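Trainee: give me a 3D structure for the following:
(one chain, ligands or ions: 1)
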Amino acid sequence: MKRFLIIGYPLGHTFSPKMHNLALEYYKISGRYEALAINPGDFDHAMKKLKTEYVSGFNVTVPYKQRIIDHLHKVDPAAAAIGAVNTVVCDREGKWSGYNTDIHGFLHPLKKTISEIKSCLLLGAGGAARAVAFALGDQPSLKKMDILNRTLSRAQKLKADLEKNAPSLQIHCLSGAPATGEPYDLIVNTSSVGMGTLTAETPLPGLASLIHGRTVVYDLIYNPARTLFLGEARRLGLKTINGLPMLIEQGSRAFYLWTGHYFPQKVRDILSSA
Ligand code: ATR
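Mentor: Next up is the predicted model:
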């Protein structure tokens, strides 16, 4: 019987057990995927304890994607560059290897349009923003990235780290909403503005002045399925993407690392209509 987990805090909203348990059932793999909420003060102790237990793999979410790295035996180079791990594979000796499947999850719904995206505006500079920035930074078509975050120093740190990986990308940190100028091909919200207690807020005032007819507006939030931000983009006639395809794809990649199988179409269909 295999055991999989998602660790984070708080975990009330997580969709991951449903996704992975459906896939385990589909492939008739004997195992269970459970949510394990860990209080921030107990994190290091909880990781030492988990190493002594039988666990095949786990996902890591807010706020532990960076802290988990201290507990890993090996870190995949892409995850190390981003500085964030969302998937851990555990071997029988209790050695843990870390990966970042958020990069692939983010790019998945952009597959058809990514080669046309030359400029982007990134909203936020937290853990999710780092995976998005590195995923975009690897695209040869992208020439320019503006980063707008409430805390400017965090955006500046992301810029400095990304520049090492994507030296030819022009990166600017903005200290306020961008003035009307050249429109962006892609605008991505990676911040928490639009969910939970911030559901009634939008991360970017003045969207209409920053777009052209083919601008893609992408919000990593999947609950609510249509944030105020995506609603505004829809009203402007733009192509929009919410966080659900990314969530499913990062989960599928994690499932593959543990079992050698991706989520089957049947499971993807159930999850997409949830
Ligand atoms: P995640 O791993 O999901 O990215 P995080 O690292 O806590 O989580 O980052 C949350 C992001 O949402 C950050 O960019 C944060 O801005 P700060 O760096 O200034 O904290 C942004 N954010 C959260 N609450 C916000 C708010 N009320 N207004 C504006 N930005 C907010």
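Trainee: quick one: Asn149 and Ala155 touch, right?
Mentor: Yes - with contact defined as Cβ atoms under 8 Å, Asn149 and Ala155 form a contacting pair (4.1 Å). Where C-beta positions appear, they are placed from N, C-alpha and C, glycine not excepted.
Trainee: what touches both of these two?
Mentor: 125, 173 (Cβ atoms under 8 Å, 6 or more residues apart in numbering).
Trainee: how close does the residue in the chain positioned nearest to the ligand get to Val62?
Mentor: Closest residue of the chain to the ligand, Cβ to the nearest ligand atom: Gly126 (2.1 Å). Using Cβ to Cβ, to the nearest Å, we find Gly126 at a distance of 8 Å from Val62.
Trainee: so for the two, which residue has more residues nearby?
Mentor: Gly126 (20 against 14; other Cβ atoms under 10 Å).
Trainee: which ones are touching the more buried one?
Mentor: 154, 190-192 are the contacts of Gly126 under Cβ under 8 Å, 6+ apart.
Trainee: just the ones of these in helices?
Mentor: Arg154 (DSSP state H).
Trainee: and the contacts of Gly126 as a markdown table, adding pLDDT and neighbour count?
Mentor: Converted to a markdown table, those look like this (pLDDT from 0 to 100; neighbours: other Cβ atoms under 10 Å):
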| residue | pLDDT | neighbour count |
| --- | --- | --- |
| Arg154 | 96 | 17 |
| Thr190 | 97 | 26 |
| Ser191 | 96 | 25 |
| Ser192 | 92 | 17 |
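Trainee: just the contacts of Gly126: which are in strands?
Mentor: In strands, judged by DSSP state E, none of the contacts of Gly126 are found.
Trainee: toward the C-terminus from whichever strand or helix holds Leu50, list the very next helix or strand.
Mentor: Assigned by DSSP states H and E, Leu50 falls within helix 43-51. As assigned by DSSP H and E, the chain's next helix or strand after helix 43-51 is strand 57-60.
Trainee: for the helix or strand following that next one, packing partners?
Mentor: Using DSSP H and E, the helix or strand that follows strand 57-60 towards the C-terminus is strand 74-75. Packing contacts for strand 74-75, counted by 3 or more Cβ pairs under 8 Å, 6 or more residues apart in numbering; DSSP states H and E, involve strand 96-99.
Trainee: just how off-centre is the helix or strand that the strand it packs on is followed by within its chain?
Mentor: Using DSSP H and E, the next helix or strand after strand 96-99 towards the C-terminus is helix 102-107. Centre-to-centre, helix 102-107 and its host chain are 7 Å apart (Cα atoms, centre = their mean, to the nearest Å).
Trainee: quick one: list the elements packing against helix 102-107.
Mentor: By 3+ Cβ pairs under 8 Å, 6+ apart, helix 102-107 packs against helix 127-137, helix 244-259.
Trainee: no further queries at this time; thank you.
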